[in-house]
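J.: let me see the structure of the following:
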Amino acid sequence: MAKRDFYEVLGINKSASKDEIKSAYRKLAKKYHPDLNKEPGAEEKFKEVQEAYDILYDDKKRQMYDQFGMAAFEQGASTGGAGNPFSGAGFSSQGFGDIDLGDIFSSFFGGGARRQQRNFGPQRGDDTLQRIRVPFMDAILGKKVLVPVAYDEKCAKCNGTGAKDPSAVKTCTRCNGRGYVTTQQRTIFGVMEQQSVCPECGGSGKVITDKCPECQGKGHKHIKRDLEVNIPAGINAGQQIVIRGKGEAGRNGGENGDLYLEIVIVPHEFFKRDGNDIHLDVPISFVDAILGKKVDIPTVYGTAEVEIPAGVQPNQILRLKGRGIKDMRKGTPGDQYLHIIVKTPTKVSKDQKKLLEEYQKKEDKKDSFFDKFINSFKR
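T.: Numbers count the residues shown, from 1 in each chain. So this is what the prediction gives:
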């Protein structure tokens, strides 16, 4: 039995908005819902209303229904788009009535029967990645280094053509120089064309009748050499340096890709880096910590005279402004931080011990750090 027009089922016109569709559905669903309407046929009408709403409220299903009617959803086709909506609906490869299959394909997939577009021209080669280890100070100050690399270089003998001479390069007769061949396949949408790489020329559009003796027709040679690379001052671990044209070889005469050198920094024995700041542990004696002292402190740019203040505490941090790493882009330097490590001797001479004992006797018990600590528990 043929189904009624869904617009008629909902009582709306074909230009109805989604809000109008929803409003009509709610009214009819409430009217015919089996729990609210026990009259004969109410359940069937409710199902009909539900089906009409499911299709018309969905934009894609509504477009299919407007163009093909129920033929788009019958014969086992899914309203969700799975399966072939035209299966068993009377369509043939020649069309159906006054409906053009090219238009049908266009409405479904955004275009009529067309070739699959592919690029068969010159293609740039892939980029490559190589990690290099750089000593800590070379990364801070910058340095030119030699880096062993391997890449494909255009053959100087044939200039990358792969042919012995220009007369040895001919247009491929199978694809007529296009680099691809076209195959046709008849489908329910009509005759479809598909492109694939020409098996004769491999997509280059040309064939070589006499290969270059230097590169055996490849057009490039595999090179291993040391490249001089400038390590910029201030570069950090994980950053990359780009070497243009030293990646993988291009295809069909395309340019080489690029080589990316990723920096791995060898740690320093004493200096530690945090962004553009430098951290350094500075060991001093307990006497220098008490009395203070002027000392020459190593920095990444040489030594700097620093006043260790009297009474400096263990693990106290002093800052040397502008003694860090210069920013690669702005040129502004970071800072250097000195972490004070107070060292206590494990052995002392008799004279040193005598002096310390005298100091201990003169120490005011009330100001003793230990006594203050103990007394804090007696409060």
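
J.: use CA for all of it now, contacts and neighbours both
T.: Noted.

J.: residues touching Lys343, list them.
T.: Lys343 makes contacts with Pro283, Ile284, Ser285, Phe286, as judged by CA atoms under 8 Å, 6 or more residues apart in numbering.

J.: ok, now how distant is it from Ala289?
T.: Going from Lys343 to Ala289 by CA to CA, to the nearest Å gives 9 Å.

J.: still on that earlier bit, would you turn the contacts of Lys343 into TSV with pLDDT, secondary structure and neighbour count?
T.: Below are the contacts of Lys343 laid out as TSV (pLDDT from 0 to 100; DSSP: H, G, I helix; E, B strand; the rest coil; neighbours: other CA atoms under 10 Å):
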residue	pLDDT	secondary structure	neighbour count
Pro283	95	strand	15
Ile284	95	strand	18
Ser285	93	strand	13
Phe286	92	helix	18
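
J.: for the residues you listed, give me TSV that also has distance to Asn315.
T.: Output for the contacts of Lys343, formatted as TSV (distance: CA to CA, whole Å):
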residue	distance to Asn315
Pro283	10
Ile284	11
Ser285	13
Phe286	13
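
J.: ranges for the strands of the stretch 101-250 of the chain?
T.: Secondary structure of the stretch 101-250 of the chain (DSSP state E, counting those that start in this stretch): strands located at 128-135, 143-154, 169-171, 180-187, 190-197, 206-208, 220-231, 240-243.

J.: got JSON lines for the ones you listed, with mean pLDDT and distance to Lys27 too?
T.: Formatted as JSON lines, those follow (pLDDT from 0 to 100; distance: least, CA to CA, whole Å):
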{"stretch": "strand 128-135", "mean pLDDT": "94", "distance to Lys27": "65"}
{"stretch": "strand 143-154", "mean pLDDT": "90", "distance to Lys27": "73"}
{"stretch": "strand 169-171", "mean pLDDT": "88", "distance to Lys27": "71"}
{"stretch": "strand 180-187", "mean pLDDT": "81", "distance to Lys27": "44"}
{"stretch": "strand 190-197", "mean pLDDT": "80", "distance to Lys27": "44"}
{"stretch": "strand 206-208", "mean pLDDT": "86", "distance to Lys27": "70"}
{"stretch": "strand 220-231", "mean pLDDT": "90", "distance to Lys27": "75"}
{"stretch": "strand 240-243", "mean pLDDT": "92", "distance to Lys27": "66"}
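
J.: so which of these is the most packed in?
T.: Of all those, strand 206-208 carries the top mean neighbour count, a mean of 21, counting by mean count of other CA atoms under 10 Å.

J.: where does the stretch 1-150 of the chain dip in pLDDT?
T.: Counting by pLDDT under 70, the stretch 1-150 of the chain shows low-confidence ranges at 1-2, 68, 71-122.

J.: mind redoing it with 90?
T.: The stretch 1-150 of the chain contains residues with pLDDT under 90 at 1-5, 7-8, 13-15, 19, 23, 25-27, 29-47, 49, 51-52, 58-126.

J.: would you map the helices across it?
T.: When assigned using DSSP state H, counting those that start in this stretch, the helices of the stretch 1-150 of the chain occupy the ranges 6-10, 18-32, 42-56, 59-68, 101-109, 136-141.

J.: just say which of those is most tucked in.
T.: helix 136-141 comes out most buried of the helices of the stretch 1-150 of the chain by mean count of other CA under 10 Å, with a mean of 20.

J.: who's in contact with the helix or strand where Lys354 lies?
T.: Taking DSSP states H and E as the criterion, Lys354 maps to helix 350-362. Applying CA under 8 Å, 6+ apart, helix 350-362 has no contact partners.

J.: show the average pLDDT along the helix or strand following that helix.
T.: Counting by DSSP H and E, the next helix or strand C-terminal to helix 350-362 is helix 369-375. The pLDDT scores in helix 369-375 average 76.

J.: and helix 369-375, how far from the chain's centre?
T.: Distance of helix 369-375 from its chain centroid, counting by CA atoms, centre = their mean, to the nearest Å, is 59 Å.

J.: give the bridge partners for Thr182, please.
T.: Here Thr182 sits in beta bridges with Gln195, going by DSSP bridges.

J.: which ones are touching it?
T.: Contact analysis of Thr182 by CA under 8 Å, 6+ apart lists Glu193, Gln194, Gln195, Ser196.

J.: dump those to JSON lines, plus distance to Ser376.
T.: Output for the contacts of Thr182, formatted as JSON lines (distance: CA to CA, whole Å):
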{"residue": "Glu193", "distance to Ser376": "92"}
{"residue": "Gln194", "distance to Ser376": "89"}
{"residue": "Gln195", "distance to Ser376": "88"}
{"residue": "Ser196", "distance to Ser376": "87"}
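
J.: out of those residues, which one sits closest to Ala310?
T.: Nearest to Ala310, judged by CA to CA, of the contacts of Thr182 is Ser196 at 81.7 Å.

J.: thought that closest one was touching Cys175?
T.: No. Counting by CA atoms under 8 Å, Cys175 is not a contact partner of Ser196; they are 10.4 Å apart.

J.: return every residue with contacts to both of the two.
T.: Val181.

J.: from memory Arg131 sits against Glu262, does it?
T.: Yes. Assessed by CA under 8 Å, Arg131 is found in contact with Glu262 at 4.6 Å.

J.: return the per-residue confidence for Lys365.
T.: 62.

J.: ok, Gly257 next?
T.: So Gly257 comes in at 89 (pLDDT).

J.: run a quick neighbour tally on it.
T.: By other CA atoms under 10 Å, 22 other residues sit near Gly257.

J.: from Gly219, how far off is it?
T.: Applying CA to CA, the value for Gly257 to Gly219 is 15 Å.

J.: pretty sure Asn230 contacts Lys144?
T.: Yes. Between Asn230 and Lys144 there is a contact under CA under 8 Å: 4.4 Å.
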